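Peer 1: missing the sequence, but the structure's below:
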């Protein structure tokens with residue numbers, strides 16, 4: 001079975017016209033779905049900066065969350081996803097089709113960082129989930145990873161927190177709440193917990209416990 005590295009060959013042509021069109025098409029389909037079935041409401045667009053790039057960070061509750069980054073911000077976004085998702089054949093193919101990039105959450109590869117910097121110079125932002133995986137605990141945020149704080153540090157890009165509310169409920173109502181831009185720091189844990197506090201305020205979900213996800217691995 002093809003691995004993430006077999007399916008995703010990162011170079012300057014990875015985001016060609018076909019992938020850009022595929023990402024736009026997928027985003028539009030998900031937007032129509034949410035508008036019809038989940039009564040999608042987007043708040044806080046006044047917090048969007050006039051220019052980017054940004055490290056856009058959200059909480060994660062549903063498979064349908066990623067396209068909402070694009071729907072709510074209308075920005076060009078590179079989606080980083082845990083490389084384990086490519087182990088599922090159809091999902092790996094779909095993620096590659098829309099231009100998602102697999103990343104090792106424990107040890108981000110230098111090639112990924114170089115690729116990200118290249119795309120950011122072209123005006124693309126990055127979309128990531130701080131929990132790394134879907135949180136299924138009602139009213140709670142899962143344990144965070146320091147990945148978003150790390151990428152903000154190595155790129156120098158500002159962080160934009162976005163809260164996803166009720167996306168795990170099939171018929172909503174779903175709310176996407178955009179927060180205020182913040183700056184990262186050299187202290188990855190400090191930045192991570194500031195992001196978590198912002199997401200908690202945006203969503204109304206409580207932080208389950210002050211413990212990083214890596215501490216359980």
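Peer 2: Nice, I can see it. As the structure is a prediction and not an experimental result, all values here were calculated from the model.
Peer 1: can we go C-alpha only for contacts and neighbour counts from here?
Peer 2: Will do.
Peer 1: Any idea how far the host helix or strand of residue 148 is from the middle of the chain?
Peer 2: Here residue 148, judged by DSSP states H and E, is contained in helix 147-155. On the basis of CA atoms, centre = their mean, to the nearest Å, helix 147-155 sits 13 Å off its chain's mean C-alpha point.
Peer 1: Give the rounded mean pLDDT of that helix.
Peer 2: Averaging pLDDT along helix 147-155 gives 90.
Peer 1: helices or strands next to that helix in the packing?
Peer 2: When contacts are defined as 3 or more CA pairs under 8 Å, 6 or more residues apart in numbering; DSSP states H and E, helix 147-155 packs onto strand 55-58, helix 110-121, helix 188-203.
Peer 1: what comes up buried for it?
Peer 2: 147-153, 155 (16 or more other CA atoms under 10 Å).
Peer 1: Tell me, how many residues neighbour the closest residue to residue 37 other than its chain neighbours?
Peer 2: When the adjacent residues along the chain are set aside, residue 37 lies closest to residue 171, with 5.5 Å between them (CA to CA, 6 or more residues apart in numbering). By other CA atoms under 10 Å, 14 other residues sit near residue 171.
Peer 1: In a strand, residue 171, correct?
Peer 2: No: secondary structure assignment (DSSP: H, G, I helix; E, B strand; the rest coil) places residue 171 in coil, not in a strand.
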